[in-house]
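Enquirer: Test case, fold it:
(one chain, ligands or ions: 1)
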Amino acid sequence: MKAHYQTQGFLIVLSGPSGVGKGTVCAALRKEMPELCYSVSATTRQPRAGEIDGVNYFFKTVEEFKEMLEREELIEWAQYVGNYYGTPRRFVEETLASGKDVLLEIDVQGAHQVKQRFPHGIFIFLLPPTLEDLKDRIIKRGTETKTTLAHRLNAAAEEFKQIHEYDYVVINDEVEKACDRIKSIIKAEHCRVDRLVMTE
Ligand code: 5GP
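Expert: Modelled structure (predicted):
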């Protein structure tokens, strides 16, 4: 009889304030770790230039989003600066069941809900090197009006208060370095004794 060792797949939740560079870090991480399965969220926000339906988000009307909620198709959801965002259940459950890791890039409200349902997930908060960097980065991105910029900065201040709910904090001083730190965290988490599964 031969025993095989393997570790189960788990959820990797990445949060951080608007403008911190979550999207860029996630893209770099997915390139470096193609085995990570990225969960595409549903949102009622309007697509930004270059965003593709089904790739960046599943773009939904408010009605469609509410129908998904009623059908319990989302494992978590939140309202963020006037729009709804949520994580489709089926993809996450099926991917985890197949033994793979799933990467979620979601806000702190969503991360809180995920933690209740998936306590074995890992929760990473991405921080900017300084608070001033946030505002500069959002302005440079050129996607916000004065009002939505102010709302996003307010939301960021609220998000910082929830940092204690996370397991790890990563400073995004350079995308490559931040990506390396997250890779190390994921690799170390795979080596935890409590994630070991033995199969015959
Ligand atoms: P953005 O509009 O800049 O793409 O995203 C705004 C915020 O919503 C970000 O903090 C992003 O991480 C978060 N977000 C994106 N998808 C989801 C989701 O499925 N659930 C939750 N709770 N937040 C999400």
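Enquirer: For the ligand, tell me whether stretch 132-147 is touching it.
Expert: No: using CB under 6 Å from any ligand atom, stretch 132-147 never reaches the ligand; the gap is at least 7.8 Å. The way it works is simple: take the backbone N, C-alpha and C, and place the C-beta from them, glycine included.
Enquirer: Please spell out which residues along that stretch are buried.
Expert: Residues 133-135, 137-138, 143-144 are the ones in stretch 132-147 that count as buried (16 or more other CB atoms under 10 Å).
Enquirer: same question, stretch 64-74
Expert: Buried residues in stretch 64-74 (16+ other CB under 10 Å): 65, 68, 73-74.
Enquirer: So for it, mean pLDDT?
Expert: Per-residue pLDDT over stretch 64-74 has a mean of 98.
Enquirer: Helices of this structure, start to end?
Expert: Using DSSP state H, the helices of the chain run over residues 22-32, 62-70, 89-97, 108-117, 131-141, 146-160, 175-190.
Enquirer: What is the last one packed up against?
Expert: Secondary structure elements in contact with helix 175-190, counted by 3 or more CB pairs under 8 Å, 6 or more residues apart in numbering; DSSP states H and E, are strand 11-15, helix 22-32, strand 122-127, strand 168-171.
Enquirer: how about a cut-off of 6 Å?
Expert: Helix 175-190 is packed against helix 22-32, strand 168-171, with contacts defined by 3 or more CB pairs under 6 Å, 6 or more residues apart in numbering; DSSP states H and E.
Enquirer: Then the fourth one?
Expert: Using 3+ CB pairs under 6 Å, 6+ apart as the contact criterion, the neighbours of helix 108-117 among helices and strands are strand 11-15, strand 74-80.
Enquirer: Of those strands, which is nearest the ligand?
Expert: Nearest of those to the ligand, taken as CB to the nearest ligand atom: strand 74-80 at 3.6 Å.
Enquirer: from the middle of its chain, how far away would stretch 120-137 be?
Expert: Averaging C-alpha positions (CA atoms, centre = their mean, to the nearest Å) puts stretch 120-137 12 Å from its chain's average.
Enquirer: re the thing from before, of the helices and strands packed on helix 175-190, give the one that comes closest to the ligand.
Expert: helix 22-32 (5.7 Å).
Enquirer: Contacts for the closest one, please.
Expert: With contact meaning CB atoms under 6 Å, 6 or more residues apart in numbering, helix 22-32 is reached by 14, 16, 36, 38, 105, 126, 175, 178-179, 182.
Enquirer: Go through it and flag the buried ones.
Expert: Quick answer for helix 22-32 (16+ other CB under 10 Å): 22, 25-26, 28-29.
Enquirer: what do you get for stretch 95-102?
Expert: 95-96, 101-102.
Enquirer: wait, which of those is closest to the ligand?
Expert: Closest to the ligand, out of all of the buried residues of stretch 95-102 and judged by CB to the nearest ligand atom, is Val102, at 12.1 Å.
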